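Peer 1: Mind looking at a prediction? Sequence and model below.
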Amino acid sequence: MGENQTMVAEFILLGFPLSPRIQMLLFGLFSLFYAFTLLGNGVILGLISLDSRLHTPMYFFLSHLAIVDIAYACNTVPQMLVNLLNPAKSISFAGCMTQTFLFLSFAHTECLLLVVMSYDRYVAICHPLRYAAIMSWRVCITLAVTSWILGVLLALVHLVLLLPLPFCGPQKVNHFFCEIIAVLKLACADTHTNEIMVLAGAVSVLVGPFSSIVISYIHILRAILNIQSGEGRQKAFSTCSSHLCVVGLFYGTAIIMYVGPRYGNPQEQKKYLPLFHSLFNPMLNSLIYSLRNKEVKAALKRLLEKERTS
């Protein structure tokens, strides 16, 4: 690098290269999705905290998943909405680094929480008589706190490797938020180590946990098939179907983004996939757990009847 190069103080998010009319349409649509995300996950958090029947390990972990989904959306969607109204909106260097760190933290934490939730379902169905002893509140709190701590520490590794890199121009991030791969492309230095760490981190928190979830559900499926009554099998599977839908949505898009093959122009092809993690998945998670879960619907019905009678 030459000495006359200056470090950038801000980045410009290019967002979506669409016509103003389409951008306004997306602004309205994404604003609606954002509102549904906050409302849906907020309702789930409220129901779990207010209804004592939902004070179980399964819903304890679900409340943490709802918090992650709200945090996901709040970290990236407001900036995206601003960019749709004012294209090529700038973001400060510190703001960009913070956004990258938080996105990675929430992504890692959700990966680990989904593994914990699959373990909870495994114990509930494969070892029902020992469920209360194995999934004690001490164990549940330890698993949840560990997921958050590991998620933050893993993101901190990427941040520590990212901050020393020189950014001397160009300053245009080809994304709607400061996604780590898009930011690394702007560094004025060799980023091979950073890219290797991103891939290694993706494999460790995506492929590894996903494999453990698959193994858990193989055992769960065997246990369900051994249940004699059809009603019992249906009830057991219904407690897992919502979690399976969420796992498929999250891991499917994440593996394509960070582990999948890199052909053509991957930056253009994959820059839209984080929309699933920032906007669509958080909204769909709340819908899946409310519409497909009888206990959540029953808790909502009890709360509404209580409000009506009072």
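Peer 2: It's in. Residues are numbered from 1 along each chain as shown.

Peer 1: how about the longest helix anywhere in the chain: buried residues?
Peer 2: When the chain is parsed with DSSP state H, its longest helix is helix 93-126. Residues 93, 96-97, 99-126 are the ones in helix 93-126 that count as buried (16 or more other Cβ atoms under 10 Å). C-beta: built from backbone N, CA, C; applies to glycine.

Peer 1: Give me the neighbour count for residue 289.
Peer 2: Residues contacting residue 289 under the criterion other Cβ atoms under 10 Å number 22.

Peer 1: Pretty sure it sits against residue 44.
Peer 2: Yes: between residue 289 and residue 44 there is a contact under Cβ atoms under 8 Å: 6.3 Å.

Peer 1: shared neighbours, these two?
Peer 2: 62, 296 (Cβ atoms under 8 Å, 6 or more residues apart in numbering).

Peer 1: show me the contacts for residue 59.
Peer 2: Taking Cβ under 8 Å, 6+ apart as the test, what residue 59 contacts is 48, 295.

Peer 1: hmm, back to that, distance from the longest helix of the chain to the middle of the chain?
Peer 2: 6 Å (Cα atoms, centre = their mean, to the nearest Å).

Peer 1: Next secondary structure element downstream of it?
Peer 2: Moving toward the C-terminus from helix 93-126, the next helix or strand (DSSP states H and E) is helix 131-134.

Peer 1: Helices of the stretch 151-300 of the chain, residue ranges please.
Peer 2: For the stretch 151-300 of the chain, the helices defined by DSSP state H, counting those that start in this stretch occupy 180-184, 192-202, 208-225, 230-258, 266-270, 274-275, 281-291, 294-309.

Peer 1: which residues are contacting the first one?
Peer 2: The set of residues external to helix 180-184 that reach it, using Cβ under 8 Å, 6+ apart, is 11, 96, 100, 103-104, 158, 162, 165, 173-175, 191, 194-195, 198, 258, 267, 271.

Peer 1: Just the buried ones among the residues you listed, please.
Peer 2: Neighbour counting with 16+ other Cβ under 10 Å marks 11, 96, 100, 103-104, 158, 162, 165, 173-175, 191, 194, 198, 258, 271 as buried within the contacts of helix 180-184.

Peer 1: quick check, nearest of those residues to residue 84?
Peer 2: Within those, the smallest distance to residue 84 is 13.6 Å, found for residue 175 (Cβ to Cβ).

Peer 1: which non-adjacent residue is nearest that closest one?
Peer 2: residue 182 (4.1 Å; Cβ to Cβ, 6 or more residues apart in numbering).

Peer 1: same question for the strand or helix carrying residue 73, mean pLDDT?
Peer 2: Assigning secondary structure by DSSP H and E places residue 73 in helix 57-85. The average pLDDT within helix 57-85 is 91.

Peer 1: Double-check residue 223 against residue 126; I have them as touching.
Peer 2: Yes: the pair residue 223 / residue 126 is scored as a contact, 4.7 Å apart, by Cβ under 8 Å.

Peer 1: pLDDT weak spots in the protein?
Peer 2: Counting by pLDDT under 70, the chain contains low-confidence ranges at 1-6, 88, 232, 236, 239, 258-270, 291-292, 310.

Peer 1: From residue 78, how far out is residue 294?
Peer 2: 34 Å (Cβ to Cβ, to the nearest Å).

Peer 1: more neighbours, these two?
Peer 2: Neighbour totals were compared for residue 294 and residue 78, and residue 78 leads with 13 against 10 (other Cβ under 10 Å).
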